[in-house]
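> the amino acid sequence is not available; the structure is as follows:
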């Protein structure tokens, strides 16, 4: 009996010791554990992923209809200084997809961001939005400015009409052959072609022409991603078509037409950083105008950089964020 008690005590001691060791390992400054889950945001399940140490920095992706995945691994260094919270917007990535595509709006996504902030008890946050995520970040700031400590707008636009003017210029700068090929496909209609599983998205021919040839110089410059493959772009197509529109990459005529924030931007009073690439799809002139409208904002234009600034100029991108926040 004594031997049995001794064995049990020894086993208990071993378990306690192991638990202490695990606790010590996870509390190490060099260990970054990932927490992931879902927030029931206004009846929609929003996926989040967080890691890092410090004040909360929420990061919202573009598309619309992409996911947070394209930020990784590029934004990992920020986790050494901040608690990073990535989300997949409603209908995107791992978040809940909706049967009614009309519920995919900037306004609804603003409420989702606020629901995540509240559910995770983040208090005041820094909000970073890239591309369409920057549009969403502007809309959030215009409604919930009191909940922000800083705002970071990356490669984005404040006005759909101005963004459409930029697309006109991008088309004008194409070779005549590429422009004619794209125009022909757009005139014939971009949806409903091919096999049943292909009919609710762009054809591969259009993806290659629009994203692989037309956009590519505006996506990457200094450091093109060798894994970039326009035909494998993962999107929530029902969401994208509702928000962007049905007539191709070079005109926004979905519900994003409502985005006209220029006259409202002077209302933003929180410290704001605006950045973009010098060859950005969202032309630098758009960032310059946002900078003019938001008093006290800081503007950084990265050289030799397209839309994916954190890929083309990772060191300069990190320095601009850390200098601004610290």
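Arrived safely, thanks for sending. No experiment lies behind these values; they were computed from the predicted model shown. Residues are numbered from 1 along each chain as shown.

> all helices of this protein, in order?
2-26, 106-119, 132-144, 160-172, 176-188, 204-207, 216-219, 237-244, 284-293, 309-312, 314-325 (DSSP state H).

> for residue 40, what are its contacts?
46, 115, 119 (CB atoms under 8 Å, 6 or more residues apart in numbering). For every residue, glycine as well, the C-beta is placed using N, CA and C.

> where's residue 233 relative to residue 202, distance?
Residue 233 is 9 Å from residue 202, where distance means CB to CB, to the nearest Å.

> do the same with residue 276
Residue 276 is 25 Å from residue 202, by CB to CB.

> what do you get for residue 171?
Taken as CB to CB, the span from residue 171 to residue 202 is 17 Å.

> higher neighbour count, those two?
residue 202 (25 against 17; other CB atoms under 10 Å).

> what about the spatially closest residue to the more buried one that is not a sequence neighbour, how many residues close to it?
Nearest-residue entry for residue 202: residue 190, 5.4 Å, with adjacent residues in sequence omitted and distances by CB to CB, 6 or more residues apart in numbering. Close neighbours of residue 190, defined as other CB under 10 Å, add up to 20.

> one step back: what's the closest of the helices of the chain to residue 268?
helix 132-144 (5.2 Å; CB to CB).

> tell me how the chain divides into domains.
35-161+258-325, 167-219+229-255 (automatic domain parsing).

> so what pairs up with residue 128 in the strands?
residue 59, residue 152 (DSSP bridges).

> verify the contact between it and residue 137 for me.
Yes - with contact defined as CB atoms under 8 Å, residue 128 counts as touching residue 137 (7.1 Å).

> common neighbours of those two, please.
Joint contacts of residue 128 and residue 137 (CB under 8 Å, 6+ apart) are 60, 152.

> the contacts of residue 40, buried ones only, as a PyMOL selection?
This is how PyMOL selects the buried members of the contacts of residue 40, with burial counted by 16 or more other CB atoms under 10 Å:
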select buried, resi 46+115
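
> for the contacts of residue 40, which one is nearest residue 238?
residue 46 (17.2 Å).

> quick one, what contacts that closest one?
Contacts of residue 46 by CB under 8 Å, 6+ apart are 38-40, 87-90, 95-96, 112, 115-116.

> now do it against residue 100, distance only.
Residue 46 is 17 Å from residue 100, by CB to CB.

> next: residue 61.
22 Å.

> neighbour count for those two, which is higher?
residue 61 (24 against 8).

> quick one, phi/psi of the residue most central in space within the chain?
Nearest residue to the geometric centre of the chain (CA atoms, centre = their mean): residue 61, 1.1 Å. Main-chain torsions, residue 61, degrees, to the nearest 10: phi -90, psi 170.

> before we move on, back to that, tabulate the contacts of residue 46 in TSV, adding columns for distance to residue 286 and pLDDT.
Converted to TSV, those look like this (distance: CB to CB, whole Å; pLDDT from 0 to 100):
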residue	distance to residue 286	pLDDT
38	34	98
39	31	98
40	35	98
87	24	98
88	25	98
89	21	98
90	25	98
95	28	98
96	32	98
112	25	98
115	29	98
116	27	98
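
> quick one, which of those residues are buried?
In the contacts of residue 46, the ones that pass as buried (16+ other CB under 10 Å) are 38-39, 87-90, 95-96, 112, 115-116.

> let's see which of those end up in strands.
38-39, 87 (DSSP state E).

> and which of the contacts of residue 46 is nearest residue 238?
residue 90 (11.6 Å).

> surely that closest one touches residue 43?
No - the criterion here is CB under 8 Å, and residue 90 misses it with residue 43 at 10.0 Å.

> out of the helices of the chain, which gets nearest to residue 50?
Using CB to CB, the helices of the chain put helix 106-119 closest to residue 50, at 10.0 Å.

> helices or strands next to that closest one in the packing?
Contacts defined by 3 or more CB pairs under 8 Å, 6 or more residues apart in numbering; DSSP states H and E place helix 106-119 against strand 35-41, strand 44-52, strand 55-60, strand 82-87, helix 132-144.
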